[in-house]
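Asker: please find the sequence and the predicted model below.
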Amino acid sequence: MPGVDTAFGADRARSFGGGKPWLLIEQGPSTVYAGDRVLPKQPGEMLRHSLGHIARGSEGTLFFQWRQSRAGAELWHSAVVPHAGPASRIFREAVGVGEAVAGLGEVAGAVVRAEAAVLHDSDAWWALDCQGLPSPGNDYHRALSRAHRAFWDAGLTCDFAHPEADLSRYRLVVAPALYLLSAAGSESLRHYVDGGGTLLVQHFSGAVDEHHRAHLGGYPAGPLREALGIRVEEYRPLAADEPITLSDGSTGGDWSESLSVEGAETMASYTHGMLAGRPALTRHRFGTGQGWYLSTCLDDPHYAALVAALAEQAGVRPELPGLPAGVEAVRRHAADGRSWLFLMNHGDCAWTAEVPGHELLTDRPVPPEGVGLAPGAVAVVRQPR
Amino acid sequence: MPGVDTAFGADRARSFGGGKPWLLIEQGPSTVYAGDRVLPKQPGEMLRHSLGHIARGSEGTLFFQWRQSRAGAELWHSAVVPHAGPASRIFREAVGVGEAVAGLGEVAGAVVRAEAAVLHDSDAWWALDCQGLPSPGNDYHRALSRAHRAFWDAGLTCDFAHPEADLSRYRLVVAPALYLLSAAGSESLRHYVDGGGTLLVQHFSGAVDEHHRAHLGGYPAGPLREALGIRVEEYRPLAADEPITLSDGSTGGDWSESLSVEGAETMASYTHGMLAGRPALTRHRFGTGQGWYLSTCLDDPHYAALVAALAEQAGVRPELPGLPAGVEAVRRHAADGRSWLFLMNHGDCAWTAEVPGHELLTDRPVPPEGVGLAPGAVAVVRQPR
Amino acid sequence: MPGVDTAFGADRARSFGGGKPWLLIEQGPSTVYAGDRVLPKQPGEMLRHSLGHIARGSEGTLFFQWRQSRAGAELWHSAVVPHAGPASRIFREAVGVGEAVAGLGEVAGAVVRAEAAVLHDSDAWWALDCQGLPSPGNDYHRALSRAHRAFWDAGLTCDFAHPEADLSRYRLVVAPALYLLSAAGSESLRHYVDGGGTLLVQHFSGAVDEHHRAHLGGYPAGPLREALGIRVEEYRPLAADEPITLSDGSTGGDWSESLSVEGAETMASYTHGMLAGRPALTRHRFGTGQGWYLSTCLDDPHYAALVAALAEQAGVRPELPGLPAGVEAVRRHAADGRSWLFLMNHGDCAWTAEVPGHELLTDRPVPPEGVGLAPGAVAVVRQPR
């Protein structure tokens, strides 16, 4: 699904800049790297890709490169003007993107406001890439992408945030693969839950401190353990082909942990082997918040359902209720209270968004029946305060 | 199928020498390399392998090596006299090959005459091995081998020829994966079609010139484009697992192109995605010849059927009509009009070739009912002018 | 099956020391390396693993390491005291192992007596790792492990022995993948069979001498060939996906040989290709013993059945008759005639061993009904002369 990959990159770019508007300075006009080959974009994808970035805070959409090289190492890199010249679909689509973006000038400076965050710590990433860890299954980039996708599938916008940042603005914070966690980060997470936040910490998190030294006496790191109300005694990786089922019917694999509750409630338990009957998913009511711990790697649908349930319980609001699968909705907010709702239909079914306002790409008021979105279509609706 | 691999190597060796008689100076007597292991030849395969080379122009059949090494890096390389000594099947078969070849002296100097050619340009091969191409699916050696096999399966003998060579002697020329094409080569192909030849150019051909510079304004190179009557606007590689079906029911994958006809007729069109309804296979009547362009990679049977149909239409004649699958027939011609028909049964069924003449291996006239070829059997029949 | 892997390592360690008592100086307390990951041991496995070594001659069971590293390259290596500290299952199990082993002091000095041996020659291993061999299928470690496992599955204890050693104490000797065989080793094997031993030599054995020089005139090396009564003319590796069936219904793959009997009887023959009807498994009555030759690689169950049948015929006695699958029984013998039977239940079913004596772990006499072994349970029974 190209839409979610664009959103992942754009949400990370925005978050790296602290949420301020930013600028996409390079995109390939007509190709996408796919493993060992370069696949062409579909008609309309250049526009959706461009608006996908602007929707999440970019102040424009630049391409690399103007004219396709006639020779050299990047001979086959895509360009606004391909080898075939301006008499080409690619150039015509690029002209169309320029025309569309020209109508969005009023959005400049408006920001994205997320009520949820995925924790992102480059030190944890670096540490997870070390040799000698118990299992190769804990890939940081994949873990982040799964968490982000769970929000995207639920129609929710999320930031990426550092564990030591002020998290109080978020209703829900998810921490996948946070293997390394500094003392300050651990204290920050405890503080977040204590103050009313909902935190979901995933397996093999808080195992080592910022010096890559293990936490002794039980994982994870002290203040975080207090907020979660658990003690992990043993990490127990699973064999590559060893699926597990929890007591609530959810399935997973790759990893398990032997843990005991120290104040938390068991929400789901293991059903196999020496861990049968022992806690797998826990919740701790701590201060005015909740600390959740998920000690295994759930399969994608079960993981997404858990994140969606926690988001609903924590009161994270979608940009637009009732979004069908494949339709993306993101909002940018101006300081004066106006906002712009970006709508992109990545799916195969038409849909009508009943949102009053003024549609910028057509420069017309939204008719009473709403904005029609054919498969592949996009719209940008200005809405008053 | 060992027979076609032998033919591929032998036809290339002959073509590299401009069609003059040549000499196979090394073959392993009893083994074939097969990926990570060395497989033994089957009984009789040494003789078929030897005659397969002679049939295609070799003036003899030499082995590497006489005696199997007792020690050293090639300890397990095969030899005419194996470790077991002369009291062995391998040595006895080698003696038999020598006796057979001794009876073929009169063939010396006779040549193979092909009416079809596969284009072979080492510069194109080198260029296709560069980094940064759109897809790894365009393997030059495999593309050549597929084209050669299509002729072999149809019972037709082909040469390999350079694009800049005089192609006028061929009724049909096939150009697979001719990614790089010099200006002179492009002009040569235009000239060939103009003069009455049938040319089949395959996808991603003529993309760059002899300096590895892309052709601008639409692929392929100018004079060739004129002969084909098309303009390729975009190369559109397919995902590795993305099959396609053309309007004539043939199937393929790996590659597609967005092209328009400029004088050519559409013989088959795409049926999927943005290319649906657009040309996939085209024919251009140009001068007194025909320029065909195939813009995707058809599956083997569909590709072989296309080559066979073009060969029949162009009047390429088989060495022997009615050959069953697995039986190979190749002819060497003497200057005085005599010819020698080499027959090799690689299949599992017996067959009788009704060809009058004198069979050299048995040194007897062919009986009225023809030459019987049991599975694995071979024959060499001298035929008068 | 962890039990047989432990036994393989322990039997090799004992055999390397000539059968004298030895000491396991390192084992990981709680983890097992499994390809790309480190899997946790199951509860009780630490004790079974420890006793598995002592049963086969170790005078104790040491661990690496006492305390899990807090940092550094071996941060995640297992330890007696894990990161979680002494309040952990792992430490409690280690304490239990110490208590169990403390009760076994009287076993010190007692030895294991095997009636069968698998030949083990590091030079053959080294030679099989050379480049340029006919097939990659002949992995020395795997071949040894398969042979050892065949004995283990049959409830039989075996040594590993060098071909040049005095083999006369063994009723059955198996030689897998003995590619390199010295002149002295070949003579030793001939002498062993001549003197009444039963020898099973497997494919691609005795191909080269101690200088990595091939044996000429037919494999294997001279004196061994005499004992086996065969002559191998050709090694014929099979394609990776080419299964074969012998005339006795057993199946195999990877390798075949063209051989003739010179005194031996054909016990099973090939049924495919050019080897159809030719000998695959042979037996030679030589002197007062028997020399068997197996020229292909049988599938595991058929290979194990052959080894078990030869062991029974040669009179190799199990430590305990009627052992169910998954229960291991090994005996250590003192010079004064006492012996200690080690029993380990690796399987999923309970079993009762009717063996009179004194059980050391509980320090109680065995009750009249025998020693009950729940799944995972162990026992050590002292038996009088």
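Answerer: Yes, it's here.
Asker: for chain A, which spans come out with low pLDDT?
Answerer: A:1 (pLDDT under 70).
Asker: domain parsing of it, as residue ranges.
Answerer: What automatic domain parsing lists as the domains of chain A is A:2-107, A:116-314, A:327-383.
Asker: ok, and which of these has the densest surroundings?
Answerer: Mean neighbours per residue, mean count of other C-beta atoms under 10 Å in any protein chain shown, is largest over the domains of chain A for domain A:116-314, with a mean of 20. C-beta here means a position set from N, CA and C on the backbone, and glycine is covered the same way.
Asker: first to last residue in that one, what's the distance?
Answerer: 9 Å (C-alpha to C-alpha, to the nearest Å).
Asker: my guess is A:L361 meets A:G103, correct?
Answerer: Yes - assessed by C-beta atoms under 8 Å, A:L361 is found in contact with A:G103 at 6.1 Å.
Asker: ok, now which ones touch A:S258?
Answerer: By C-beta atoms under 8 Å, 6 or more residues apart in numbering or on different chains, the contact set of A:S258 is A:232-234, A:236, A:274-275, A:278, C:89.
Asker: what secondary structure does the nearest residue to it once chain neighbours are set aside sit in?
Answerer: Distances taken as C-beta to C-beta, 6 or more residues apart in numbering or on different chains put A:E234 closest to A:S258, at 4.1 Å, once the chain neighbours are dropped. With DSSP: H, G, I helix; E, B strand; the rest coil as the basis, A:E234 sits in strand.
Asker: ok, A:M274 next?
Answerer: helix.
Asker: again, but for A:V355
Answerer: coil.
Asker: now it: how far from A:V316?
Answerer: The gap separating A:V355 from A:V316 is 20 Å, by C-beta to C-beta, to the nearest Å.
Asker: I'd assumed C:A79 was in contact with the residue nearest to A:S258.
Answerer: No - between A:E234 and C:A79 there is no contact under C-beta under 8 Å: 11.8 Å.
Asker: any common contacting residues for these two?
Answerer: C:30, C:90.
Asker: list the contacts of A:A10.
Answerer: Contact analysis of A:A10 by C-beta under 8 Å, 6+ apart lists A:24, A:52-53, A:55-58.
Asker: which two in the contacts of A:S258 are spaced the farthest apart?
Answerer: A:V232 and A:M274 (14.7 Å; C-beta to C-beta).
Asker: A:R169 falls within a strand, correct?
Answerer: No - with three-state DSSP as the criterion, A:R169 is located in coil rather than a strand.
Asker: phi, psi of the residue nearest to the spatial centre of chain A?
Answerer: Nearest to the geometric centre of chain A sits A:H148, at 2.1 Å (C-alpha atoms, centre = their mean). Note on A:H148: backbone dihedrals following degrees, to the nearest 10 are phi -60, psi -40.
Asker: from chain B, how far out is it?
Answerer: 23 Å (C-beta to the nearest C-beta, to the nearest Å).
Asker: A:F63 too?
Answerer: 16 Å.
Asker: surely A:G155 touches A:G326?
Answerer: No - judged on C-beta under 8 Å, A:G155 makes no contact with A:G326 at a distance of 10.7 Å.
Asker: which one is the one residue in the stretch 101-250 of chain A that gets nearest to chain B nearest to, not counting chain neighbours?
Answerer: Ranked by C-beta to the nearest C-beta, the top residue of the stretch 101-250 of chain A for proximity to chain B is A:S145, at 19.7 Å. Once flanking residues are discounted, A:S145 sits nearest to A:F8: 5.8 Å by C-beta to C-beta, 6+ apart.
Asker: how about A:H346, phi and psi?
Answerer: The phi/psi pair for A:H346 (degrees, to the nearest 10) is phi -90, psi -10.
Asker: one more: A:M46?
Answerer: The phi/psi pair for A:M46 (degrees, to the nearest 10) is phi -60, psi -40.
Asker: so A:A94 touches A:T61, yeah?
Answerer: No - A:A94 is not in contact with A:T61 according to C-beta under 8 Å; the separation is 10.4 Å.
Asker: what does the stretch 51-200 of chain A have sitting close to chain B?
Answerer: Contact residues (C-beta under 8 Å from any C-beta of the partner chain) of the stretch 51-200 of chain A with chain B: A:68-71, A:73-77, A:82-85, A:87-90.
Asker: out of these, list just those in strands.
Answerer: If you go by DSSP state E, these have nothing in strands.
Asker: how about A:D123: what's its closest non-neighbour residue?
Answerer: Per C-beta to C-beta, 6+ apart, closest to A:D123 is A:L180, 5.2 Å.
Asker: so who does the residue of the stretch 151-300 of chain A found nearest chain B touch?
Answerer: Going by C-beta to the nearest C-beta, chain B is nearest to A:D300 of the stretch 151-300 of chain A, at 19.8 Å. A:D300 is in contact with A:146, A:149, counting by C-beta under 8 Å, 6+ apart.
Asker: look up how far A:R142 lies from it.
Answerer: 11 Å.
Asker: A:A353 now?
Answerer: 32 Å.
Asker: how about A:H272: what's its closest non-neighbour residue?
Answerer: According to C-beta to C-beta, 6+ apart, the nearest residue to A:H272 is A:I244 (5.6 Å).
Asker: I'd guessed that neighbour sits against A:D254; true?
Answerer: No - counting by C-beta under 8 Å, no contact exists between A:I244 and A:D254, whose distance comes to 9.1 Å.
Asker: overlap in contacts of the two?
Answerer: Common neighbours of A:I244 and A:D254 (C-beta under 8 Å, 6+ apart) are A:238, A:296.
Asker: does the closest residue to chain B within the stretch 201-350 of chain A fall in a helix, a strand, or a coil region?
Answerer: In the stretch 201-350 of chain A, the residue that lies nearest chain B is A:D348 (12.8 Å; C-beta to the nearest C-beta). Counting by three-state DSSP, the backbone at A:D348 sits in coil.
Asker: ok, the residue nearest to it when sequence neighbours are not counted - contacts?
Answerer: Distance criterion C-beta to C-beta, 6+ apart; nearest residue to A:D348, sequence neighbours excluded, is A:P375 at 5.2 Å. Contacts for A:P375 (C-beta under 8 Å, 6+ apart) come out as A:345, A:347-350.
Asker: could you rerun that using 10 Å?
Answerer: Contacts for A:P375 (C-beta atoms under 10 Å, 6 or more residues apart in numbering or on different chains) come out as A:44, A:326-327, A:345-351.
Asker: overlap in contacts of A:A94 and A:T61?
Answerer: A:46-47, A:50.
Asker: which of the residues you listed lies closest to B:E265?
Answerer: Closest to B:E265, out of all of the shared contacts of A:A94 and A:T61 and judged by C-beta to C-beta, is A:M46, at 32.1 Å.
Asker: now the closest residue to that closest one other than its chain neighbours. Its backbone dihedrals?
Answerer: Using C-beta to C-beta, 6+ apart and skipping the chain neighbours, the partner closest in space to A:M46 is A:E93 (4.8 Å). Dihedral angles of A:E93 (phi, psi; degrees, to the nearest 10) stand at phi -70, psi -40.
Asker: strands of the stretch 151-300 of chain A, start to end?
Answerer: A:158-161, A:172-175, A:198-202, A:230-237, A:244-245, A:251-253, A:255-261, A:265-269, A:279-286, A:289-294, A:297-298 (DSSP state E, counting those that start in this stretch).
Asker: ok, A:R236 to C:F63 distance?
Answerer: 19 Å.
Asker: and A:A71, by the same measure?
Answerer: 64 Å.
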